[in-house]
Structures are given as C-alpha cells and as structure tokens.
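**Student:** sequence below, structure please.
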Amino acid sequence: MFDKLLKMNCFSRNKFFKTVTGNLLEKFYGCEIKCCEIDKSVLFAHHARGCTIIAAKICENVVIFFKM
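**Tutor:** Presented below is the predicted three-dimensional model:
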C-alpha cells in the first residue's frame, strides 16, 4: 500500500488528491514526502517509516534507506 500511496502523492497533478494521499502516508507510515520533482525510479527502503523528505528534486536511481 505504501508504494501505491507514494506514487499517487508524488505523481498526481491534482492538488487535492496529493493532499489526501499525503495525509494517508503520514497517518499510516509517519512519513511526510513533499517533492516538486521526483523520478519514478526512486526507491524507498523499509517503506520510509517515520521520515520527512522535503526537496525540490530527487533524480533517477536514488534509493533512500531509513534506520529502523
């Protein structure tokens, strides 16, 4: 479910939809991701539990790991 919410949050053009999916990511995973541009190849290891990412751009082939 995390991957689906992440894709909807990062790649939707609908601002309301991004807000709703962003709230769900925060509620279920403790994760806040706000990025103007994120490549579709970016991977989040361990479902990004408890993270905050605010960036203008995350380029291709990045893997973001979190300490559990």
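**Student:** now the helices: where do they sit in the chain?
**Tutor:** 2-11, 15-29 (DSSP state H).
**Student:** tell me the buried residues in the longest one?
**Tutor:** I take that to be helix 15-29. For helix 15-29, a neighbour-count test (16 or more other CB atoms under 10 Å) marks 18, 21-22, 24-25, 29 as buried. Heads up, the C-betas are built off the backbone N, CA and C, glycines and all.
**Student:** turn those residues into a markdown table, including distance to Phe2 and pLDDT.
**Tutor:** As requested, the buried residues of helix 15-29 are arranged in a markdown table below (distance: CB to CB, whole Å; pLDDT from 0 to 100):
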| residue | distance to Phe2 | pLDDT |
| --- | --- | --- |
| Lys18 | 16 | 88 |
| Thr21 | 11 | 91 |
| Gly22 | 13 | 89 |
| Leu24 | 10 | 93 |
| Leu25 | 8 | 88 |
| Tyr29 | 6 | 85 |
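**Student:** run a quick neighbour tally on Lys7.
**Tutor:** 13 (other CB atoms under 10 Å).
**Student:** cool, Thr52 as well?
**Tutor:** A total of 11 residues lie near Thr52 under the criterion other CB under 10 Å.
**Student:** same question, Cys51
**Tutor:** 18.
**Student:** that one and Ser12, how far apart?
**Tutor:** 20 Å (CB to CB, to the nearest Å).
**Student:** Val63 and Asp39 touch, don't they?
**Tutor:** No - under the criterion of CB atoms under 8 Å, Val63 makes no contact with Asp39, lying 11.7 Å away.
**Student:** neighbour count: the two, which is higher?
**Tutor:** Remark: of Val63 and Asp39, Asp39 carries more neighbours, 13 against 9, as counted by other CB under 10 Å.
**Student:** skipping its backbone neighbours, what lies nearest Cys35 in space?
**Tutor:** Leaving aside its sequence neighbours, Cys35 sits nearest to Ala55 (CB to CB, 6 or more residues apart in numbering; 4.9 Å).
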